[in-house]
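coords below, sequence missing:
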């Protein structure tokens, strides 16, 4: 029996991105190492619990698992039939309940899984057990004390893999309720909040264990108005999480074979208060608009296709994911750019594809040669045509929603507010002239307005704004609760995360225009705060006082067990990449740059960020407590290409605006509301994840 972690390191050799390493670790280091080499019984059964099932499904496809010799996937807590000819791989959390269930499976004269050869001679090895995070010593002792089980264990190890990849450069810890649990009124002295932070820290730490990375751990410090260290729980959340992650990492450093002893990457821990605008502003990229405006279930898009029997149209699900090259190209582009590219691609496809040309003929008789060419091109033609057609349909639906909802004017006002080019007068004019605007869009506008002009919501001013916008008290409650995210109401913003960058501009401003970047598309000025923070951290310019580092022992924030240091890693060299593409005259006027005379400037800013991972620098990880946005995930791809350092976004959950501000009625206990729940006294317990 062995009790060890894999010795494979992510350093050296061919560079793989975050998700590739994650996938390889599960498939090769866990499933392949369980192969005993006996060809007489190469198939295995994989047993998981509810959390590890979700980890596996977010990292691999079923075909990937079966390729590694797994013929059956089972739930640890469901009734299972004995499979006496198969070895079993357990990938489970190291909880008491799971260990008891495992021992029950494997102990006694008739274990569920054991291995026989063709001659029916019993082979002792029958179970390979891998835990998703470090197992407590008392549970190890419990396993070792069961003498009937020990001979049947081929491996007993810690995979240290309990995070959920959502993108090639993103992961979540699956804490949908983090905003309410950690920043609500009930968070102070709450066991639930402390427990949530501990699980969160454990899952974040397994990212670094899996990648064999040792990070500089930095976090956003919180201070009161007088400069004293904060004591409010919600102001200490980032520091508490950083401390817990650091404690786990130092344990890995001494317990995992070949774990780096010097820092190999950087981790910056933030909370949602760092940027209150990003979760609610209308983002104009293809990806963000799909998830904001369409009724999607995760990455599933449902559309109607003609019935094969001639009846009513049938519904068909399509996954918008990395395996779709069209999606990969378009997801980070402006919706107008995406529409234009799709038009060009489809036109070019039809002009070159023989089968498409035949289909477009006017009904004249086809020659034998024409038919042969059509048949030869048909399989590939159908697949490509279907893929392009789906995206053309989606883009068309998005553009229709933009027109019907009047989002162009609303989007312009949102961005003008953020950059200090609009104020109270413009907001009032909009609310009076656009009374048919949906309540959700007016609420989002008011939340942006409150972030830029918090003083306008003091006293009875908020009530007057509510009446003008015709919003309910519950909606306005969400606006007021945004201030709770900043911790103390008297907190004085400092450093680069201030909501006011330039007080000399017209009114207030939550962002400053970026210099050195050509504005190609209108309504694409907005950028999330983390873009500036990561850029500064890469250059070594991030404030040492506002963003503390755990790696050198100096002073610890009050209320946090552990040390912190004001230490900044060395500057990294940067290299800007700036591919260009040509825009055509079909671009809608509203989407063109205001800084271009004719609106036909080249596309230097918006592109699908294609990154060559050769000669990459150290990774940068950013973790946001309380949910992240698709604009923040997009920025990580952009900065990876720009800085030549892979930027990985971690968060408690990836939220779209409808999720962030409204309740999911069918699943109120699991998802609940985000901002509206911040002031609730009690928050229901998450019943757990489903398989």
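Received the coordinates, thanks. None of the values given here were measured: they were computed from a predicted structure.

need the helices for the stretch 151-300 of the chain, in chain order.
Assigned by DSSP state H, counting those that start in this stretch, the stretch 151-300 of the chain shows helices spanning 178-183, 191-211, 233-255, 286-293.

mind putting those into TSV with distance to residue 153?
No exception for glycine: its C-beta is placed from N, CA and C like everyone else's. Listed next are the helices of the stretch 151-300 of the chain as TSV, based on distance: least, Cβ to Cβ, whole Å:
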stretch	distance to residue 153
helix 178-183	36
helix 191-211	22
helix 233-255	20
helix 286-293	44
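
helix, strand, or coil at residue 548?
strand (DSSP: H, G, I helix; E, B strand; the rest coil).

rewinding a little: out of the helices of the stretch 151-300 of the chain, nearest to residue 219?
Residue 219 lies closest to helix 233-255 among these, at 3.8 Å (Cβ to Cβ).

so which bits of that closest one are buried?
233-246, 248-250, 252 (16 or more other Cβ atoms under 10 Å).

let me see the mean pLDDT of it.
Helix 233-255 shows a mean pLDDT of 93.

neighbours around residue 345, how many?
As a burial measure, residue 345 scores 18 neighbours (other Cβ atoms under 10 Å).

with residue 158 instead?
Around residue 158 there are 22 other residues, counting by other Cβ under 10 Å.

per-residue pLDDT of the closest residue to it other than its chain neighbours, please?
Nearest residue to residue 158 in three dimensions, chain neighbours excluded: residue 131, at 5.0 Å (Cβ to Cβ, 6 or more residues apart in numbering). Residue 131 is assigned a predicted lDDT (pLDDT) of 97.

so in terms of bridging, what pairs with residue 131?
Taking DSSP bridges as the rule, residue 131 bridges to residue 92, residue 158.

how about it, what does it touch?
Counting by Cβ atoms under 8 Å, 6 or more residues apart in numbering, residue 131 makes contact with 92, 93, 94, 157, 158, 159.

cool, residue 473 as well?
Counting by Cβ under 8 Å, 6+ apart, residue 473 touches residue 466.

do you know how far it is from residue 315?
As for residue 473, its distance to residue 315 is 38 Å (criterion: Cβ to Cβ, to the nearest Å).

same for the helix or strand residue 326 falls within, what does it pack against?
For residue 326, the host element (DSSP states H and E) is helix 325-330. Contacting helix 325-330 under the criterion 3 or more Cβ pairs under 8 Å, 6 or more residues apart in numbering; DSSP states H and E are the following elements: helix 335-352, helix 368-405.

tell me which residues in it are buried?
For helix 325-330, the neighbour count (16+ other Cβ under 10 Å) marks 326, 327, 328, 329, 330 as buried.

the fourth one contacts residue 342, doesn't it?
No: applying Cβ atoms under 8 Å as the test, residue 329 and residue 342 come out as separate, 9.7 Å apart.

overlap in contacts, these two.
Taking Cβ under 8 Å, 6+ apart as the criterion, residue 329 and residue 342 do not both touch any residue.

give me the contact list for stretch 76-90.
30-31, 34, 36, 41, 43-50, 70-72, 74, 92, 98, 101-102, 105-106, 110, 112-116, 125-130, 154.

in helices, which of those residues fall?
50, 98, 101, 102, 105, 106 (DSSP state H).

and the residue nearest to the fifth one when sequence neighbours are not counted, how many neighbours?
Spelled out, that is residue 105. Closest residue in space to residue 105, ignoring its immediate chain neighbours: residue 112 at 4.6 Å, by Cβ to Cβ, 6+ apart. Look at residue 112: counted by other Cβ under 10 Å, it has 20 neighbours.

wait, what's in contact with residue 112?
80, 82, 83, 88, 105, 106.

list only buried entries from those residues.
80, 83, 88, 105, 106.

need those residues in CSV (columns: distance to residue 20 and pLDDT).
Conversion of the buried ones among the contacts of residue 112 to CSV gives the following (distance: Cβ to Cβ, whole Å; pLDDT from 0 to 100):
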residue, distance to residue 20, pLDDT
80, 32, 93
83, 32, 88
88, 27, 92
105, 33, 92
106, 34, 90
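
which one of the residues you listed is nearest residue 193?
Distances from residue 193 to the buried ones among the contacts of residue 112, taken by Cβ to Cβ, are shortest for residue 105, at 35.1 Å.

is it true that the closest one touches residue 113?
Yes: applying Cβ under 8 Å, one finds residue 105 in contact with residue 113, separated by 6.9 Å.

okay, and the common contacts of the two?
In contact with both residue 105 and residue 113: 88, 127, using Cβ under 8 Å, 6+ apart.

how about the lengthiest strand in the chain: buried residues?
Counting residues, the longest strand found in the chain (DSSP state E) is strand 617-625. Burial within strand 617-625, assessed by neighbour count using 16+ other Cβ under 10 Å, is assigned to 618, 619, 620, 621, 622, 623, 624, 625.

check stretch 530-544 too.
530, 531, 532, 533, 534, 535, 536, 537, 538, 542, 543.

now, those residues that are in helices?
530, 531, 532, 533, 534, 535, 536, 537, 538.

ok, those residues vs residue 263, which is closest?
Nearest member of those to residue 263, counting by Cβ to Cβ, is residue 537, at 13.4 Å.

tell me the contacts of the closest one?
218, 266, 268, 547, 620.

wait, a strand at residue 307?
No: counting by three-state DSSP, residue 307 falls outside a strand, being coil.

give me the phi and psi for residue 284.
Backbone geometry at residue 284, expressed as degrees, to the nearest 10, gives phi -110, psi 20.

and the spatially closest residue to it that is not a sequence neighbour, how many residues sit next to it?
Once flanking residues are discounted, residue 284 sits nearest to residue 523: 5.0 Å by Cβ to Cβ, 6+ apart. The tally of other residues near residue 523 (other Cβ under 10 Å) stands at 22.

quick one: residue 523 and residue 413 touch, right?
No: using Cβ under 8 Å, residue 523 is not in contact with residue 413, being 10.5 Å away.

give me the distance between residue 407 and residue 397.
For residue 407, the distance to residue 397 - Cβ to Cβ - is 13 Å.

more crowded one of the two?
Set side by side, residue 407 and residue 397 show more neighbours around residue 407, with 23 against 16, by other Cβ under 10 Å.

how about stretch 186-201: buried residues?
186, 187, 190, 192, 193, 196, 197, 199, 200, 201.

how about stretch 412-432?
Neighbour-count burial for stretch 412-432 [16+ other Cβ under 10 Å]: 412-423, 426-427, 430-431.

same question, stretch 95-102
By neighbour count on 16+ other Cβ under 10 Å, the buried set for stretch 95-102 is 95, 98, 99, 101, 102.

what helix or strand is residue 447 on?
Assigned by DSSP H and E, residue 447 belongs to helix 439-452.

name the surrounding residues that touch that helix.
Contacts of helix 439-452 (Cβ under 8 Å, 6+ apart): 276-277, 280-282, 405, 407, 410, 413-414, 417-418, 420, 427, 430-431, 456-457, 465, 469-472, 475-476, 478-480, 482-483, 499, 507-510, 657-658, 661-662.

can you flag which of these belong to helices?
Among the contacts of helix 439-452, the members found in helices (DSSP H) are 405, 407, 410, 413-414, 417-418, 427, 430-431, 465, 469, 475-476, 478-480, 657-658, 661.

cool, thanks, signing off.
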